[in-house]
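Asker: This is a predicted model, with the sequence first.
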Amino acid sequence: MSDKARLKQIILELSYEKRKVVLASGRESDFYFDGKQTTLHPEGGYLTGKLFFEAIRDVEGVEGVGGLTLGADPIATATSVVSFLEKKPIPAFIIRKEPKGHGTGAWLEGRKNFKPGVRVVIVEDVVTSGGSSLKAIKRAEEEGLKVLGVVTLVDREEGGRENIEKEGYWLKSIFTKSEVLA
C-alpha cells in the first residue's frame, strides 16, 4: 500500500464524519473532516509530514512551513521533522490567533528560525472557502515572511482553491474531497 493510500485510510477511519456541522466559514455541511484526528495520530502525523514534504520539496526556495494554530501545528511540525530526516531541513512556525498576552507579544512562534523576507508555505488540515488560509497569509506577510502558496491535507472543493488563486497564491492538496470519498 502506498503512503498516500494508507493516509487516505486513516483519514476515513479517524477524520471523516457524515453529520451536520457548521464550518469555520460559517456554512453548514452534512459532512466534516476533522484533520487533527489524523495529523495527531502517530502514523497519520508521520505520513502527513512525508506527503507535505514531498509536495513542497521541489518548490523553489521554500525556507519555512507554518500556519494558523491549531490545525497547522502538527502538520508544520511533522513536515519540518521529515525535512530534517530527508537532509533538506525546513523550519516550522505557528501563527497565533491573537498576539501573546505577555513577554514579546508575538503573533508568530518560531521567529528566530526566520529572517525577514524568507519564502514560506502555509499549511492547513482542511480548506473550504480559503478564508483561514488567506488570514494566515496576511498575518505571515505582516510578520515579514514571503508566502509562496498553500498546501492542505484535504480540499473540500468548495471554492477555496479559486479564492486563494484569485489572491495570487497557489494551492496544492494532498487529497480533494472527491479523492477521499471515491
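Answerer: Nice, I can see it.

Asker: The residue lying closest to residue 145 once chain neighbours are set aside: what's it in contact with?
Answerer: Distances taken as C-beta to C-beta, 6 or more residues apart in numbering place residue 120 nearest to residue 145, at 4.8 Å, with adjacent residues excluded. C-beta: built from backbone N, CA, C; applies to glycine. Contacts for residue 120 were tallied using C-beta atoms under 8 Å, 6 or more residues apart in numbering; they are 62, 63, 64, 65, 66, 93, 114, 140, 145, 146, 147, 148.

Asker: least confident pick among those?
Answerer: Scanning the contacts of residue 120 for pLDDT, the smallest score is found at residue 114, 93.

Asker: Can you flag which of the contacts of residue 120 belong to helices?
Answerer: Secondary structure defined by DSSP state H assigns residue 140 of those to helices.

Asker: now, among the contacts of residue 120, which is nearest to residue 107?
Answerer: Using C-beta to C-beta, residue 140 is the member of those that lies nearest residue 107, at 9.2 Å.

Asker: And for that closest one, the neighbour number?
Answerer: 25 (other C-beta atoms under 10 Å).

Asker: measure the nearest residue to it once chain neighbours are set aside to residue 137 for me?
Answerer: Excluding its sequence neighbours, the residue lying closest to residue 140 (C-beta to C-beta, 6+ apart) is residue 147, at 5.3 Å. Here residue 147 is placed at a distance of 5 Å from residue 137 (C-beta to C-beta, to the nearest Å).

Asker: who touches both of these two?
Answerer: In terms of C-beta under 8 Å, 6+ apart, residue 147 and residue 137 are both contacted by the residues 122, 169.

Asker: quick one: residue 26 from residue 158, how far?
Answerer: Distance of residue 26 to residue 158, given as C-beta to C-beta: 12 Å.

Asker: could you pull out the helices for the protein?
Answerer: Going by DSSP H, the chain shows helices at 3-10, 35-39, 42-56, 72-85, 131-142, 160-166, 177-181.

Asker: more neighbours, residue 26 and residue 158?
Answerer: When residue 26 and residue 158 are compared for neighbours, residue 158 comes out ahead with 17 against 9, by other C-beta under 10 Å.
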